[in-house]
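Undergrad: No letters, just coordinates:
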């Protein structure tokens, strides 16, 4: 990693200034926003970490500074300008060269490319070969003509779609400020009339804000930025490029939407040539992007009942399958449905119209919640059938966030000593996931609401809260601000706890753990003085404990062992099969008899949903029905037992799951379903006469 010129100058400023520097001072000196400064300092700290140098510190109420130790380790400042010139990555070069070619009004020379990306001729030639291949997939030809230069030919629709995808890819990269600035410069007439274009973009944004009321939703700031760029590109190309083409059938559908009405009104207001007609295809293209845009809120008032009914049915089936595969029952199912529809609606339009979404969080979600991705992928078949296309990984990751947010919600009544809000600019699913992560981590703090940055700015003077959690940089005033990423790692959780202790003398986690310990003790003993015991437990903090430490998620072989596996010839009926299968867990005091009754009651109430595949049933109930410890048991029957009169509800394998919450069992469950879904494994288990054969198979999938 290297530092660009501005970040190098910021670091140089810290090097030369011994006292802390406030954010406002940096704003004035550098002429950039608070948010840019925040990201700059993040990038500088990443670079310092790579060099083995202490990061820039922050003193509450004073500002940012470098420690003396860090100052002594920095290289001599005379070397900085040469060593820290910004170098674009291969991916960044590819993006810049493609945008340059797509927006150029005349052939482009190699000299222009070299100046643009600051790379050698040989490097750029290699980049252009890859770009040529990418363009050809979209029926766009990149050619070189001697004495003229490089130029592209092809349908305007394909050019605009690639340009739209590239812009979306760039603007979600929160830490790619240098790339964003260069792309923005290219889009503003290659530098010609840039001030006029900047002013025009601001007018477009204001129009979009005004149209939110008509659409009955609130866009995220990222969405407003992207849409304003899309509309700006459209306006600039109306007079210089042929119009793109939209399928006639799709145009007829789009004409009926409020998004079309909004797109038409904005373009007509801003188009310079008042007397010229605006091609309807151009309006449709903008309408497609509006329909597929991420939102912070949506009350569905502008949607037809027919449109919502189809999506609601898809969401209901997805939730049903998710509950069955995850062996859980969502407490607030109606809330999850509304929340998921608010995300599925733009997802549906993005997939339908080929609007790309760039999900910068996808990798982090996969890394931290692989079991959640696995479960979500299983239920996507309903959306794929409805839309008629395969769901990309980026979209699956966002939908997984919604399920993850609801998985973490627990029915717990803990007195709230403090009130907090979340400011998050990443849309509904991400906001809810962050809220759930924080609620799961903290007790004694009530998160009252989530805001977009724009909503927060409008209401910040009226808010009565003790703490603010934000994914965006917010200048701290009267209320402490804790800056957090959308997906919290263990390190992030430790940081949150440290900041809370610093600002609020927060002891919520200890209290929460003490309450959990008391709940366990109450199941096995009589407590004579609960308040005194709670006080003593709160004062006990093991040296190796940490607020950010995750609860252990066992692998399959830790739960399904030889003493929880049984072989039987048959059971009288499905109820007896559940009782027999659960007995090893009862004997080990993992579950109470009430849990067995609850599993049976669930089948009576909800039907044979526990038969997740032919020959396999996984009975379960809520943890509060009588689970003392996470456990799993397996009963193999020679003769199948029917959970209904239908053949598909016959089961030979009855696997009881006793979960202690909505998450701790997911790793083992994911390994179990993977094992059972692979060819031949079910027959291996059914034909086995030795428990060791089954435990050996289980071990193969426990990693």
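TA: Arrived safely. None of the values given here were measured: they were computed from a predicted structure.

Undergrad: Please enumerate the strands of the stretch 451-600 of the chain.
TA: Applying DSSP state E, counting those that start in this stretch to the stretch 451-600 of the chain gives strands spanning 467-470, 481-483, 565-568.

Undergrad: most packed of those strands?
TA: Mean neighbour count, computed with mean count of other Cβ atoms under 10 Å, is highest for strand 467-470 among these, reaching a mean of 22. Backbone N, C-alpha and C define where each C-beta goes, glycine included.

Undergrad: Select the helix or strand of the protein having the lowest average pLDDT value.
TA: helix 80-83 (a mean of 45; mean pLDDT, DSSP states H and E).

Undergrad: What is the helix or strand following it packed up against?
TA: Reading on from helix 80-83 to the C-terminus, the next helix or strand found by DSSP states H and E is helix 90-103. Helix 90-103 sits against helix 110-117, helix 121-137, strand 149-153, helix 156-171, helix 177-187, with contacts defined as 3 or more Cβ pairs under 8 Å, 6 or more residues apart in numbering; DSSP states H and E.

Undergrad: what's the angle between helix 90-103 and strand 149-153?
TA: 70 degrees (axes from the mean of the first three to the mean of the last three Cα atoms, to 10 degrees).

Undergrad: re the thing from before, can you list the strands of the stretch 451-600 of the chain in JSON lines and add mean pLDDT and distance to residue 246?
TA: Below are these laid out as JSON lines (pLDDT from 0 to 100; distance: least, Cβ to Cβ, whole Å):
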{"stretch": "strand 467-470", "mean pLDDT": "90", "distance to residue 246": "39"}
{"stretch": "strand 481-483", "mean pLDDT": "87", "distance to residue 246": "42"}
{"stretch": "strand 565-568", "mean pLDDT": "95", "distance to residue 246": "60"}
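
Undergrad: Is it possible to get JSON lines of those that adds distance to residue 363?
TA: Listed next are the strands of the stretch 451-600 of the chain as JSON lines, based on distance: least, Cβ to Cβ, whole Å:
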{"stretch": "strand 467-470", "distance to residue 363": "22"}
{"stretch": "strand 481-483", "distance to residue 363": "20"}
{"stretch": "strand 565-568", "distance to residue 363": "38"}
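
Undergrad: Nearest to residue 42, out of those?
TA: When the strands of the stretch 451-600 of the chain are compared by Cβ to Cβ, strand 481-483 sits nearest residue 42, at 9.4 Å.

Undergrad: Not counting the closest one itself, show me its contacts.
TA: Strand 481-483 has contacts (Cβ atoms under 8 Å, 6 or more residues apart in numbering) with 38, 467-471, 473-475, 495-496, 499-500, 503.

Undergrad: For residue 444, state which of these is nearest.
TA: Ranked by distance to residue 444 (Cβ to Cβ), these are led by residue 500 at 9.6 Å.

Undergrad: Which residue ranges of the stretch 151-300 of the chain form strands?
TA: Using DSSP E, counting those that start in this stretch, strands in the stretch 151-300 of the chain cover 217-219, 295-298.

Undergrad: show me what contacts residue 425?
TA: Neighbouring residues of residue 425 by Cβ under 8 Å, 6+ apart: 220, 221, 222, 296, 452, 453, 471, 472.

Undergrad: Pretty sure the second one sits against residue 453.
TA: In other words, residue 221. Yes - contact criterion Cβ atoms under 8 Å: residue 221 and residue 453 qualify, at 5.4 Å.

Undergrad: Looking at those two, which has the bigger crowd around it?
TA: residue 453 (20 against 15; other Cβ atoms under 10 Å).

Undergrad: if I pick the more buried one, what's in contact with it?
TA: 221, 423, 425, 472.

Undergrad: a markdown table for these, including pLDDT and distance to residue 187?
TA: Shown next, in a markdown table, are these (pLDDT from 0 to 100; distance: Cβ to Cβ, whole Å):
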| residue | pLDDT | distance to residue 187 |
| --- | --- | --- |
| 221 | 81 | 18 |
| 423 | 89 | 28 |
| 425 | 74 | 21 |
| 472 | 78 | 23 |
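
Undergrad: Give me the distance between the closest residue to residue 689 other than its chain neighbours and residue 641.
TA: Ranked by Cβ to Cβ, 6 or more residues apart in numbering and with sequence neighbours excluded, the top spatial neighbour of residue 689 is residue 567, at 7.5 Å. Separation of residue 567 from residue 641 (Cβ to Cβ, to the nearest Å): 14 Å.

Undergrad: about what we covered before: just list the residues touching the residue nearest to residue 689, thanks.
TA: With Cβ under 8 Å, 6+ apart, residue 567 has these contacts: 636, 689, 691.

Undergrad: Of these, which is the nearest to residue 354?
TA: The nearest member of the contacts of residue 567 to residue 354, counting by Cβ to Cβ, is residue 636 at 48.5 Å.

Undergrad: Can you report how many residues lie near that closest one?
TA: Residue 636 is flanked by 21 other residues according to other Cβ under 10 Å.

Undergrad: Check which residues of the strand or helix carrying it are buried.
TA: Per DSSP H and E, residue 636 falls inside strand 631-642. Residues 631, 632, 633, 634, 635, 636, 637, 640, 641, 642 are the ones in strand 631-642 that count as buried (16 or more other Cβ atoms under 10 Å).

Undergrad: helices or strands next to it in the packing?
TA: Under the contact criterion of 3+ Cβ pairs under 8 Å, 6+ apart, strand 631-642 touches helix 556-559, strand 565-568, helix 574-587, strand 650-658.

Undergrad: So what touches the third one?
TA: Contacts of helix 574-587 with the rest of the structure, by Cβ under 8 Å, 6+ apart, involve 563-564, 566, 568, 571, 591-593, 595-596, 599-600, 603, 617, 619, 631-635, 637, 641-643, 651, 654-656, 658.

Undergrad: switch the cut-off to 7 Å
TA: Residues outside helix 574-587 that contact it (Cβ atoms under 7 Å, 6 or more residues apart in numbering) are 563-564, 566, 568, 571, 591, 593, 596, 599-600, 603, 619, 631, 633, 635, 637, 641-643, 654, 656, 658.

Undergrad: relative to strand 631-642, how tilted is that helix?
TA: 160 degrees.
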